[in-house]
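[1] starting from these lines, generate the structure:
(one chain, ligands or ions: 1)
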Amino acid sequence: TYRHFARISVADVPGPESSSWLLGNMPQLFGGQVGEAEFKWQEIYGGVVRIKASFGEDRLLVTDPKALQYIYHTSGYRFHKQPERIELTRMISGRGILWADGNDHKRHRKVMLPGFGTPEAKALLPLFFSYAAQIGTKWKDIIGATADQSAVLDVTAWASRATLDAIGEAAFDYRFGAMENQDNVVGTAWGNVFMDTFGSPSDASLLALSLLQYVPRGIREFLVDHVPSAGLQHIRYTAQVTTKVARELVASKSAALLQGKGTRDIMSLLVKANASENEKTKLNEDELLSQMRTIIMAGHETTANSFSWAVLELARQPQIQSRLRSEIRSMERTIQARGSYGFTTSDIQSMPYLSAVVKEVLRFHPVSFNNFRQSLTDDVLPLSQPITLQSGEVITELPVPKGMKVIISIAAYNRNKDLFGHDAHIFNPERWLDGSMRKPDAPVGAYANLLTFAGGLRTCMGWRFAVLELQAFLIELLSDFEFSLTPEAMRIRREACIVMVPTVEGRRDEGAQLPLRVTVASREYD
Ligand code: HEM
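    Numbers count the residues shown, from 1 in each chain. This is a model prediction of the structure:
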């Protein structure tokens, strides 16, 4: 008790009132749509906001670029993941890289790195195009069978199946077959898992999550593994079926490697890199299996939902959609004129509007919308903008106590008006083209100074894959199809599960969906 009251306090940092001692501001933070509370608080209080968790505990909501650079990079291994949140990660992807911290994390990252370079990502471009083309073929069949040559299609469900198949082949040289067989066990298990487990958390589940931090690790793990709840059961089942496939794959990859027949997929590179590590740094079998679950989880729903948000914005703003289609078709003509077929990465790099749209989608709709960290020691956060404490004192550095829990709002950082302009809350790809954006003093993110892929020591390993896959899907499907809003699509919510998914207001129990009207795009004026 003495230590608690004598330690450094952040109570003087301004922040919103909380009406509940039991839950603090957590219902506001997790109950609404993604970003709702954080956008408001960032506007009122700036880049560092003191909010309340359960039992009056102070937490910091951070979007200040310099503070984030410090947390992610400079002091990266002194800000660990929060113990209760790490249980959620363990449930989804096991004790893999997303779960590991400190030296353990270094070990995981080193073994995984060879699979995630630029050449590896570029080599996958034809594969991404081929899965996007498979969606196109299916859509043409469905649309062709309708009287008015148009159909309402759930873009999220199609994208989810295609990205699962793409990551299966890219990462493991394995065919999930989700596009062909909609009852595919792994595909079905992953379907809506985030919405079922993490969507619309009740006050009781928020309180349970808060209480987990006070429970010793072994008991915490037991509870998470055994508490009977439908959402948890769904995720446990998903983990079980994915691990089963993963086990078969690790065995076959290891056998192929022994016979000198290794392939170039991510998992083979990982198994190979692991084989050359010494006994201390090697990943064990459980860690290898967890890595596969991590890659499936991190590499499929994230990209599928980013694609869904992109298409929704294009349906909302038909003039952006037409301009992008024109750029795509113009590049198609250039490719045909040089006598080749298919886009290369340099073709894609010379499409400025596509690049602007993709950056704007990732800025506006970051599907992984917040990160949770906790300081290992007393520390001092540097700040880009001074803050005025409630006492009136103005500070440019903020001392934080050991154990301080920090919530990083990726969604709010990406709407920072100093970085992205006064219209940061508007979807406008033009900002990436008109030279109006200021170069940041404290760059944080890996891509376009966005925090979408986090930053520093734990930057998303698959960001190059994600950007290329998104570009390939947009090129392939925008070229052939036109998207327009349906009445349901006018009521889309940014649902705050672990991955931000679209749901329809009033129909959240149906899970993630994006019903858009899809027609075959005319080529008359090409
Ligand atoms: C739009 C798509 C994606 C987004 C927005 C995204 C976002 C993120 C974020 C925010 C993190 C940091 C998580 C944390 O520290 O808790 C992360 C980590 C990670 N992501 Fe992604 N990701 C995407 C796609 C992918 C893909 C396609 C792959 C793999 C093929 C991938 C693999 C990983 C891995 C392995 C990590 C762990 C990195 C580490 O802890 O060192 N991600 N991602």
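[2] tell me how many other residues crowd the closest residue to the ligand within the chain.
    Distance from the ligand to each residue of the chain (CB to the nearest ligand atom) is smallest for G462, at 2.0 Å. (C-beta placed from N, C-alpha, C; glycine too.) G462 is flanked by 23 other residues according to other CB atoms under 10 Å.
[3] just the pLDDT for the closest residue in space to it that isn't next to it in sequence.
    Nearest residue to G462, sequence neighbours excluded (CB to CB, 6 or more residues apart in numbering): G299, at 5.3 Å. Here the pLDDT value assigned to G299 is 88.
[4] show me what contacts G299?
    Taking CB atoms under 8 Å, 6 or more residues apart in numbering as the criterion, G299 is in contact with T163, I167, A170, A171, G462, F465, A466.
[5] and after whatever helix or strand it lives in, which helix or strand comes next?
    Per DSSP states H and E, G299 falls inside helix 285-316. Using DSSP H and E, the helix or strand that follows helix 285-316 in sequence is helix 318-337.
[6] list the buried residues for whichever helix or strand comes after that following helix?
    Where DSSP H and E defines the elements, the next helix or strand beyond helix 318-337 is helix 345-349. Within helix 345-349, the residues scored as buried using 16 or more other CB atoms under 10 Å are D347, I348.
[7] which residues touch helix 345-349?
    So helix 345-349 is contacted by K122, L125, M331, T334, I335, L354, S355, L468, Q471, A472, I475 (CB under 8 Å, 6+ apart).
[8] buried among those residues? Need that as a selection in ChimeraX.
    To isolate the buried subset of these in ChimeraX, counting by 16+ other CB under 10 Å, use the following:
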select :122,125,331,354,355,468,471,472,475
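[9] who in the stretch 401-526 of the chain is up against the ligand?
    Counting by CB under 6 Å from any ligand atom, the stretch 401-526 of the chain comes close to the ligand at T452, F453, A454, R458, C460, M461, G462, F465, A466.
[10] identify the residue spatially nearest to the first one, adjacent ones excluded.
    This means T452. P366 (4.1 Å).
[11] contact partners for the one you found?
    I410, A411, N414, L450, L451, T452, M500.
[12] dump those residues to CSV, plus pLDDT, neighbour count and secondary structure.
    CSV is the format used below for these (pLDDT from 0 to 100; neighbours: other CB atoms under 10 Å; DSSP: H, G, I helix; E, B strand; the rest coil):
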residue, pLDDT, neighbour count, secondary structure
I410, 98, 25, helix
A411, 98, 28, helix
N414, 97, 23, coil
L450, 97, 23, strand
L451, 97, 30, strand
T452, 98, 29, strand
M500, 96, 28, strand
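[13] any chance of those residues in JSON lines, plus distance to R293?
    Shown next, in JSON lines, are the contacts of P366 (distance: CB to CB, whole Å):
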{"residue": "I410", "distance to R293": "22"}
{"residue": "A411", "distance to R293": "25"}
{"residue": "N414", "distance to R293": "27"}
{"residue": "L450", "distance to R293": "26"}
{"residue": "L451", "distance to R293": "25"}
{"residue": "T452", "distance to R293": "22"}
{"residue": "M500", "distance to R293": "20"}
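[14] just to revisit the earlier point, residues contacting the residue of the chain closest to the ligand?
    Going by CB under 8 Å, 6+ apart, G462 touches F116, I295, A298, G299.
[15] relative to M297, how far out is the residue nearest to the spatial centre of the chain?
    Residue closest to the average C-alpha location in the chain (CA atoms, centre = their mean): S368, at 3.2 Å. To M297, S368 is 11 Å away according to CB to CB, to the nearest Å.
[16] where does the stretch 101-250 of the chain come near the ligand, residue by residue?
    So far as CB under 6 Å from any ligand atom goes, the stretch 101-250 of the chain lies against the ligand at R109.
[17] do the stretch 251-400 of the chain as well
    So the stretch 251-400 of the chain meets the ligand at T294, I295, A298, G299, T302, T303, S306, P366, V367, S368, N371 (CB under 6 Å from any ligand atom).
[18] neighbours of the first one, just the number please.
    If I follow you right, that is T294. T294 has 24 neighbouring residues, counting by other CB under 10 Å.
[19] give me the pLDDT value at it.
    At T294, pLDDT is 92.
[20] after the longest strand seen in the chain, next one along is what?
    Secondary structure of the chain per DSSP state E: the longest strand is strand 379-388. The element immediately downstream of strand 379-388 (helix or strand, assigned by DSSP H and E) is strand 394-400.
[21] in that next one, which residues are buried?
    L398, V400.
[22] for it, name the packing helices and strands.
    strand 379-388 (3 or more CB pairs under 8 Å, 6 or more residues apart in numbering; DSSP states H and E).
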